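**Q** Just a sequence and a predicted model for now, questions to come.
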Amino acid sequence: MDDPVLPDAEYDRLFRELQDLEQAHPELLTDDSPTQRIGGAPLDGFEAVTHAVPMLSLSNAFDDQELADFDRQVRERLECDDGAVTYVAEAKLDGLAVSLRYEKGVFVQGATRGDGTTGENVTANLRTIAAIPLRLRGSRSPDVLEVRGEVYMTHASFEQVNSRLEARGEKPFVNPRNAAAGGLRQLDPAKTAERGLTIAIYGTGEFQPGSSDAHMPSSQYDTLKWLADYGLPIAFDTTVRCVGLQACIDTYNTLAERRPSLGHDIDGIVYKVDDTRQQRELGSRSRAPRWAIARKFPAEEMVTTLLDIDFQVGRTGALTPVARLDPVFVGGVTVTNATLHNMDEIERKDIRVGDQVVVRRAGDVIPEVARVVPSTSANTSGRAEKPVLPSRCPVCGSPVVTPEGEVKARCTGGMSCAAQQRERIRHFAHRRAMDIEGLGDKVVEQLVEAGHVSSFADLFTLDVETLAALPRYAEKSARNLVAAIQASRSTTLARLLFALGIREIGESAGQSLANHFGSLDAVMSADRDALVAVEDIGPIAAQSVVDWFADANNRQLIEALLAAGVHFSEREIETLEPSLAGMTFVLTGTLADMTRDEAKEQLQKRGAKVTGSVSKKTSALIAGEAAGSKLTKAEALGIPVLDDDGLAALLDGTLDLAAPDSTK
Ligand code: IVH
């Protein structure tokens with residue numbers, strides 16, 4: 001019903017376990033075992049369609065070794081042990097397979113894969129998908145051309161569909177694939193049309209040339225080009241011809257890196273022997289062809305047990321519930337902790353200690369508990385009670401409050417709370433803030449615990465003896481740290497404003513304030529109106545600045561910092577011609593001439609904005625060595641890409657990006 005209880009990866013794991021078990025103990029194999037069923041049975045309400053050419057499934061490879069085994073078997077069967085086989089690597093789109101039948105160039109029937117032999121007639125629904133041509137391009141079309149492809153949903157459409165459902169108070173979909181599958185199996189095609197589905201074609205089924213002179217090309221890659229000539233949508237952007245195993249592995253790595261920025265889900269790569277004669281020679285087993293394999297990416301969702309819920313106290317006192325998990329391999333790493341965001345989320349998802357939960361980690365984002373697996377066993381002892389927000393801070397014991405209109409609960413202990421002290425000091429020392437090298441998390445924790453520091457101003461009073469007396473802390477490290485703390489006193493106003501940890505004032509807001517006011521005194525005495533007038537500072541951030549400096553404790557901190565000798569270099573206050581005003585840049589890779597932070601500072605000083613991700617609004621991407629997915633994305637969007645020399649020219653004003661042909 002397109003509403004699965006388990007993530008695919010967990011299903012696959014259990015399926016494999018069952019297969020292995022049945023192989024080792026054939027006497028345990030029963031007729032109703034899931035291993036005896038190829039796919040989904042047709043849903044009531046749709047006419048059945050028998051596929052003239054069966055729609056097969058694919059075998060999976062979960063690591064490079066399994067892919068190497070596949071390549072070896074292909075070479076052995078083709079008796080080309082020493083030579084390299086040519087494959088086509090295609091993204092394994094995460095949607096659902098359909099077959100489209102064109103008779104004399106006209107789209108006459110579309111069906112789901114079903115169990116591979118019989119699917120559901122979903123022609124009316126498929127007709128609503130704009131990417132499907134209702135008539136093939138060209139004048140003389142084959143009598144019958146059946147093509148196979150994957151119907152899927154982009155992330156953008158998925159978000160739209162889910163917000164619409166949530167606005168109507170309906171249950172959102174757990175992922176784009178289920179939303180796509182559900183969309184295609186609507187009894188009312190108007191409902192399908194609302195889903196914004198799309199399709200990519202990757203193969204063929206029945207083919208009868210009739211009186212046309214059409215004939216099937218002799219390789220997979222040429223077949224894709226041939227299909228594209230008929231006006232069918234092919235995902236060439238994620239299709240690569242690979243000669244030999246190593247090229248296949250390289251393509252896997254490149255695509256894995258591009259995965260988060262593709263705009264739609266892919267769950268692996270399909271490798272297909274390119275030569276169709278070789279494909280015929282290899283043939284098929286019952287479920288899957290011998291000439292193709294799916295190399296799966298690490299699953300982004302896995303199931304594990306929620307062992308406990310702890311509350312972490314952040315820099316501003318916010319309490320974040322954190323899930324302690326039975327370690328689970330997800331998204332390519334072993335995860336033991338995951339965020340539960342806030343109490344509202346826990347309530348909404350009805351998460352309780354002891355539950356089986358789906359843990360999600362996509363790209364580089366923080367792992368989260370996505371949802372609870374509905375209990376399938378008769379659990380007589382029942383579930384644990386609902387978790388409750390502690391009424392007192394787990395670190396300092398101060399009362400916890402949830403301010404009106406906010407979802408996050410906060411510890412009211414302020415600077416008396418050791419967790420807040422620790423987090424504020426860590427933030428203060430951060431590379432992008434005061435940049436105190438050697439002040440790692442561990443030392444901060446020890447210093448706070450021992451009572452040597454309770455605010456970041458106390459850092460400047462530390463001496464070598466105090467540090468060297470810390471457990472497992474060498475005198476040399478102590479000397480280096482004291483030197484680093486002293487050196488950090490010479491900073492920039494923007495860095496200091498960021499380092500103070502004022503709510504809503506991140507790095508770029510700190511920079512805007514520094515650029516606008518030019519001195520700490522001016523920022524401190526600015527009222528709300530003066531602050532709102534600063535670019536990028538909204539009313540909430542403005543109020544937060546006013547409140548921060550109105551607090552007597554904070555003013556004392558500032559005095560202590562200045563007394564300790566914190567000062568701003570002239571360099572920053574000097575204002576440059578805003579030659580890059582209105583432009584937005586993204587930095588990636590390793591630059592040869594300066595660090596990314598330095599490049600950023602230089603660009604910002606000239607009025608440019610520097611952001612973290614490439615979009616249509618990006619003026620140029622500045623790419624150093626080993627640039628990855630951002631470079632690919634910029635190229636795909638046709639955004640100018642500059643190297644070190646280009647950056648230097650941009651900064652000294654000899655390169656004008658607005659001028660025609662300036663990046664050639
Ligand atoms: S080829 C005989 N190519 O993966 C070959 N399948 O696990 C059959 N899929 O049912 C499939 N992208 O839904 C092929 N580029 C691609 C694919 C692809 C996604 C899906 C398809 C298929 C499933 C098999």
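**A** Arrived safely.
**Q** who does the nearest residue to L631 once chain neighbours are set aside bridge with?
**A** Nearest residue to L631 in three dimensions, chain neighbours excluded: A623, at 5.1 Å (Cβ to Cβ, 6 or more residues apart in numbering). The way it works is simple: take the backbone N, C-alpha and C, and place the C-beta from them, glycine included. Beta bridges link A623 to T588 when assigned by DSSP bridges.
**Q** So what's the residue count around the nearest residue to L520 once chain neighbours are set aside?
**A** Spatially, and ignoring its direct neighbours in sequence, L520 is nearest to L493 (6.2 Å; Cβ to Cβ, 6+ apart). L493: 23 surrounding residues under other Cβ atoms under 10 Å.
**Q** returning to that earlier point: which residues does the residue nearest to L631 contact?
**A** Residues counted as contacts of A623 (Cβ atoms under 8 Å, 6 or more residues apart in numbering) are T588, G589, K630, L631, A634, V641, L642, D643.
**Q** try 7 Å this time
**A** For A623, the contacting residues are T588, G589, L631, V641, D643, by Cβ atoms under 7 Å, 6 or more residues apart in numbering.
**Q** what's the answer for A592, then?
**A** Counting by Cβ under 7 Å, 6+ apart, A592 touches G624, D644.
**Q** State whether it is indeed within a strand.
**A** No - using DSSP: H, G, I helix; E, B strand; the rest coil, the assignment for A592 is coil, not a strand.
**Q** Relative to the ligand, how far out is it?
**A** Look at A592 and the ligand: by Cβ to the nearest ligand atom, to the nearest Å, they are 39 Å apart.
**Q** can you tell me how far that residue sits from C80?
**A** Distance, A592 to C80, using Cβ to Cβ, to the nearest Å: 44 Å.
**Q** Now do the helices in the stretch 1-150 of the chain.
**A** Per DSSP state H, counting those that start in this stretch, the stretch 1-150 of the chain carries helices over the ranges 8-24, 64-77, 123-126.
**Q** Same question for the stretch 351-500 of the chain.
**A** Using DSSP H, counting those that start in this stretch, helices in the stretch 351-500 of the chain cover 418-429, 441-449, 464-468, 475-487, 493-499.
**Q** any idea of the mean pLDDT for the longest one?
**A** Over the span of helix 475-487, the pLDDT mean works out to 94.
**Q** Who are the packing partners of that helix?
**A** helix 464-468 (3 or more Cβ pairs under 7 Å, 6 or more residues apart in numbering; DSSP states H and E).
**Q** Identify each buried residue in the helix it packs on, please.
**A** V464, T466, L467, A468 (16 or more other Cβ atoms under 10 Å).
**Q** The residue in the chain positioned nearest to the ligand: neighbour count?
**A** Residue nearest to the ligand within the chain (Cβ to the nearest ligand atom): A97, separated by 3.3 Å. A97 is flanked by 21 other residues according to other Cβ under 10 Å.
**Q** Am I right that it is in contact with V122?
**A** No - contact criterion Cβ atoms under 7 Å: A97 and V122 do not qualify, at 11.7 Å.
**Q** thinking again about what came up before, output the helices of the stretch 351-500 of the chain in a markdown table, with distance to S512 appended to each entry.
**A** Converted to a markdown table, those look like this (distance: least, Cβ to Cβ, whole Å):
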| stretch | distance to S512 |
| --- | --- |
| helix 418-429 | 19 |
| helix 441-449 | 28 |
| helix 464-468 | 36 |
| helix 475-487 | 26 |
| helix 493-499 | 8 |
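**Q** where does the stretch 551-664 of the chain dip in pLDDT?
**A** For the stretch 551-664 of the chain, applying pLDDT under 70 flags the ranges 570-576, 659-664.
**Q** now with 90?
**A** Low-confidence segments of the stretch 551-664 of the chain (pLDDT under 90): 568-582, 588-617, 624-638, 644-646, 648-664.
**Q** ranges for the helices of it?
**A** 552-563, 570-573, 596-605, 629-637, 644-651.
**Q** Mean neighbour count for the ones you listed - can I get that in CSV?
**A** Shown next, in CSV, are these (neighbours: other Cβ atoms under 10 Å):
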stretch, mean neighbour count
helix 552-563, 14
helix 570-573, 12
helix 596-605, 18
helix 629-637, 18
helix 644-651, 18
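**Q** Get me the contact residues on the chain for the ligand.
**A** 56-58, 90, 92-93, 97, 113, 150, 202-203, 270, 289, 292, 294 (Cβ under 6 Å from any ligand atom).
**Q** returning to that earlier point: so which of the helices of the stretch 351-500 of the chain is nearest H567?
**A** H567 lies closest to helix 493-499 among these, at 9.6 Å (Cβ to Cβ).
**Q** who's in contact with the closest one?
**A** 427-428, 432-434, 505-507, 510-511, 513-514, 520, 523, 566, 568, 572.
**Q** tell me the SS of R259?
**A** Taking three-state DSSP, the label given to R259 is helix.
**Q** tally of neighbours for it?
**A** Count around R259 with other Cβ under 10 Å applied: 20.
**Q** just the one 10 residues further on next, same as before
**A** Other residues within reach of I269 by the criterion other Cβ under 10 Å amount to 27.
**Q** Then the one 4 residues further on?
**A** The burial metric for V273, expressed as a neighbour count using other Cβ under 10 Å, is 26.
**Q** so what's it closest to, chain neighbours aside?
**A** Using Cβ to Cβ, 6+ apart, the closest residue to V273 is W291 (4.1 Å).
**Q** returning to that earlier point: pipe the helices of the stretch 1-150 of the chain into TSV and attach distance to A384 and mean pLDDT per row.
**A** Listed next are these as TSV, based on distance: least, Cβ to Cβ, whole Å; pLDDT from 0 to 100:
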stretch	distance to A384	mean pLDDT
helix 8-24	22	88
helix 64-77	39	96
helix 123-126	43	93
